[in-house]
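This is the structure alone, sequence omitted:
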């Protein structure tokens, strides 16, 4: 996942990059242990930032484990995943770690294939550790942090280069969760990227109820955040206090919701005691401020057409339409600016409140639905209904 880079002083650029690269792309993520997750479930959350803004979700029928995967739209096979959940309740995401060691002449940028392979093969955090140990070497192709959870309550982050990895178990974290951006804790201190987003995400998670972090809070609040730890900059709950008569522009280069955010995903894993509902993959396709979350289950054996059909999935097409209203400029520097007053304002002319209302209803109805111990067919029908509800809310927004 390579982000667009601002270029200046072209004659000096090769030398500058060799000494001090400044990556501007990155994902913001968190792994939450079962003790801190709502309902005693481990959770994963990822805002994906990338040049490949056309994403969709696929169901991949595989052996031994079928899985759901967030993919680039041109990938018809699902063998290159950027987050996913499998039939065993194992889930995974990645974020690039720019301060891990890399050697010339070795494979790189293969994290998507690593995750698809892990979704096919792994049932647990321990399985993934074994998979990495067996694969270490110049052909692994990793420079990334991987977050994983499993049906036993396992939750960890692995910081992985081609030649080595280090595991950080969430159970050892005092907060009960680990936030992650684009540097490795085991890498060279002070290098990498994403320090501002790390601090902001940590700040937001600290504000959530202890032992009560939910997917709804992660996707409903954190994934859409435009706050900044160094600047007095409003996030979306504060847009309502601004008038639409005076445009409010925000720079989102270092915020959690960004112009380069192609999707946000969260997984509510299985309870370690084996009770309760199956693991659920929630997806906001498109920039979170312009999208609505939809629940998906591996057990359903399919993905709603709104999230997978065509060259651009229907739900994403509508999210991109709204994004153009909020980010009307396409130039490389101006695209980082968000017209916040177009999303919400004092005069109630923004499109965001309607999206949030639809999403709250989807979360509420999903919670009630999962209490019924639904069949696979019922899951498939319900997720289709929720996808259509999300699509209708996006189509109605202007």
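The structure has been received and is ready for your questions. Small disclaimer: the values here were computed from a predicted structure and weren't measured. Numbering: from 1, shown residues only.

who touches the strand or helix carrying residue 69?
Assessed by DSSP states H and E, residue 69 sits inside strand 67-72. Identification of contacts with strand 67-72 by Cβ atoms under 8 Å, 6 or more residues apart in numbering yields 48, 52, 54-60, 78, 80-87, 112, 115-116, 119-120, 263, 265, 281, 283, 296, 298, 303. C-beta: built from backbone N, CA, C; applies to glycine.

Off-centre distance for it?
Mean C-alpha position of strand 67-72 versus that of the full chain (Cα atoms, centre = their mean, to the nearest Å) differs by 12 Å.

Can we start the residue count at 45 from this point?
Done: numbering now begins at 45, and the last item shifts to strand 111-116.

Residue 361 is in contact with residue 329, correct?
No - judged on Cβ atoms under 8 Å, residue 329 makes no contact with residue 361 at a distance of 9.6 Å.

more crowded one of those two?
residue 329 (33 against 18; other Cβ atoms under 10 Å).

need the contact list for the residue lying closest to residue 387 once chain neighbours are set aside.
Leaving aside its sequence neighbours, residue 387 sits nearest to residue 396 (Cβ to Cβ, 6 or more residues apart in numbering; 4.1 Å). Residue 396 makes contacts with 280, 283, 333, 387-388, as judged by Cβ under 8 Å, 6+ apart.

Redo those residues as TSV? Include neighbour count and distance to residue 263.
Listed next are the contacts of residue 396 as TSV, based on neighbours: other Cβ atoms under 10 Å; distance: Cβ to Cβ, whole Å:
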residue	neighbour count	distance to residue 263
280	23	13
283	24	18
333	30	12
387	24	16
388	24	17
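
which residue packs closest to residue 107, ignoring adjacent ones?
Nearest one to residue 107, counting by Cβ to Cβ, 6+ apart, is residue 164 at 7.6 Å.

element containing that neighbour, please.
Here residue 164 is assigned to helix 155-165, by DSSP H and E.

Work out the gap between the helix or strand following that helix and the centre of the chain.
Along the chain past helix 155-165, the next helix or strand (assigned with DSSP H and E) turns out to be helix 169-179. Relative to its parent chain, helix 169-179 has a centroid offset of 23 Å by Cα atoms, centre = their mean.

Report the buried residues of helix 169-179.
169, 171-173, 176, 179 (16 or more other Cβ atoms under 10 Å).

and if you look at stretch 393-411?
Per 16+ other Cβ under 10 Å, stretch 393-411 contains these buried residues: 394-397, 399-400, 402-403, 406-407, 410.

What separation do you get for the closest residue to residue 161 other than its chain neighbours and residue 166?
Excluding its sequence neighbours, the residue lying closest to residue 161 (Cβ to Cβ, 6+ apart) is residue 175, at 7.5 Å. Plainly put, residue 175 is 6 Å away from residue 166 if you go by Cβ to Cβ, to the nearest Å.

who are the neighbours in contact with the residue most central in space within the chain?
In the chain, the C-alpha nearest the mean C-alpha coordinate belongs to residue 90, at 2.4 Å (Cα atoms, centre = their mean). Taking Cβ under 8 Å, 6+ apart as the criterion, residue 90 is in contact with 71-73, 127, 137, 139, 191, 308-310.

Drop anything exposed from those residues.
Looks like the contacts of residue 90 have 71-73, 127, 137, 139, 191, 308-310 buried, using 16+ other Cβ under 10 Å.

Please list the members of those that lie in strands.
Judged by DSSP state E, these include 72-73, 127, 137, 139, 191, 308-310 as members of strands.

about what we covered before: and the residue nearest to the centre of the chain, helix, strand or coil?
When classified by DSSP: H, G, I helix; E, B strand; the rest coil, residue 90 comes out as strand.

Looking at it now. What's its pLDDT?
Per-residue pLDDT puts residue 90 at 98.

hey, what's it bridged with?
Beta bridges link residue 90 to residue 73, residue 309, judged by DSSP bridges.

quick one: it from residue 371, how far?
21 Å.

ok, now residue 348?
Distance, residue 348 to residue 371, by Cβ to Cβ: 26 Å.

and what of residue 124?
From residue 124 to residue 371 the distance is 27 Å (Cβ to Cβ).

next one: residue 215
40 Å.

coming back round to it: of the ones in strands among the buried ones among the contacts of residue 90, which is the nearest to residue 108?
Using Cβ to Cβ, residue 127 comes nearest to residue 108 of these, at 20.1 Å.

Now do the contacts for that closest one.
By Cβ under 8 Å, 6+ apart, residue 127 lies in contact with 88, 90, 92, 113-114, 135-138, 159, 309, 311.

can you rerun that using 7 Å?
Contact analysis of residue 127 by Cβ atoms under 7 Å, 6 or more residues apart in numbering lists 90, 92, 114, 136-137, 309.

Residue 264 now?
residue 403 are the contacts of residue 264 under Cβ under 7 Å, 6+ apart.

Can you tell me the SS state at it?
helix.

how close does it get to residue 162?
28 Å.

want to throw the contacts of residue 396 into CSV with distance to residue 197, pLDDT and secondary structure?
CSV is the format used below for the contacts of residue 396 (distance: Cβ to Cβ, whole Å; pLDDT from 0 to 100; DSSP: H, G, I helix; E, B strand; the rest coil):
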residue, distance to residue 197, pLDDT, secondary structure
280, 33, 96, helix
283, 38, 97, helix
333, 32, 98, helix
387, 38, 98, helix
388, 38, 98, coil
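
Take these and write them to CSV, including distance to residue 414.
Output for the contacts of residue 396, formatted as CSV (distance: Cβ to Cβ, whole Å):
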residue, distance to residue 414
280, 28
283, 32
333, 27
387, 30
388, 30
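
Which one of the residues you listed is nearest to residue 219?
Of the contacts of residue 396, the one sitting nearest to residue 219 (Cβ to Cβ) turns out to be residue 280, at 24.4 Å.

thought the closest one was touching residue 333?
Yes - counting by Cβ atoms under 7 Å, residue 333 is a contact partner of residue 280 at 6.5 Å.
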